[in-house]
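>>> sequence? don't have it. structure:
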């Protein structure tokens, strides 16, 4: 489909027989399911999910930083109002007001950026751990999988990428990458090490 959509310059036309593709996908699914089911903890670690206690500690620290940043932003708002009133009442010179105002605004902007970054990190960490756990649950549903059905394929696989065939050694070999739902493409080295 990439060849049709983006042109032959981006992706040359190539094919693979459906039977061969189905056998390859089924074999990879069985290998993945067996590896993940038999080595759950190593899979979690390899996928970057931290132990629950570590993850909770890290999330708690990030949430604490988030709260501190929010408090400081509110405090800066109050300080800005105070220096504005002092400037209006003549207690603070215009140049001094401008300098403090610029400093407070810069600090607030940096804190807002930090808030966005922390929120994003928290969401990603929670989502990654959740996705890995959901994937492991799916694996347990298909431990006794005999055949590749549309239901299994739709539940477990997000996409299958078929590469150009390699005939350099006299045999036609074709690489297939499988992107699994929730976790993406699992490197071969990961599955070999489990």
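Cool, got the structure. Since the structure is predicted, the reported quantities are computational estimates derived from the model, not experimental observations.
>>> Which helix or strand contains residue 171?
Assigned by DSSP states H and E, residue 171 falls within no helix or strand.
>>> Torsion angles phi and psi at it?
Main-chain dihedrals, residue 171, degrees, to the nearest 10: phi -110, psi 150.
>>> burial count for it?
Residue 171 has 8 neighbouring residues, counting by other CB atoms under 10 Å. No exception for glycine: its C-beta is placed from N, CA and C like everyone else's.
>>> Okay, residue 184 and residue 47: tell me how far apart.
10 Å (CB to CB, to the nearest Å).
>>> who's more crowded, the two?
Per other CB under 10 Å, whichever of residue 184 and residue 47 has more neighbours is residue 47, with 18 against 15.
>>> isn't the more buried one right next to residue 133, touching?
No - between residue 47 and residue 133 there is no contact under CB atoms under 8 Å: 10.4 Å.
>>> Return the residues in contact with residue 21.
By CB atoms under 8 Å, 6 or more residues apart in numbering, the contact list for residue 21 reads 160, 162, 176.
>>> The first one against residue 179, yeah?
Yes - with contact taken as CB under 8 Å, residue 160 and residue 179 are classed as touching, separated by 7.5 Å.
>>> Next secondary structure after the helix ranked longest in the chain?
Identified as the longest helix of the chain according to DSSP state H is helix 94-141. Downstream of helix 94-141, the next assigned helix or strand under DSSP H and E is helix 150-156.
>>> for the record, mean pLDDT for the helix or strand following that following helix?
Downstream of helix 150-156, the first helix or strand assigned by DSSP H and E is strand 157-166. The pLDDT scores in strand 157-166 average 89.
>>> host element of the closest residue to residue 115 other than its chain neighbours?
Once flanking residues are discounted, residue 115 sits nearest to residue 69: 5.3 Å by CB to CB, 6 or more residues apart in numbering. In the assignment (DSSP H and E), residue 69 maps to helix 52-88.
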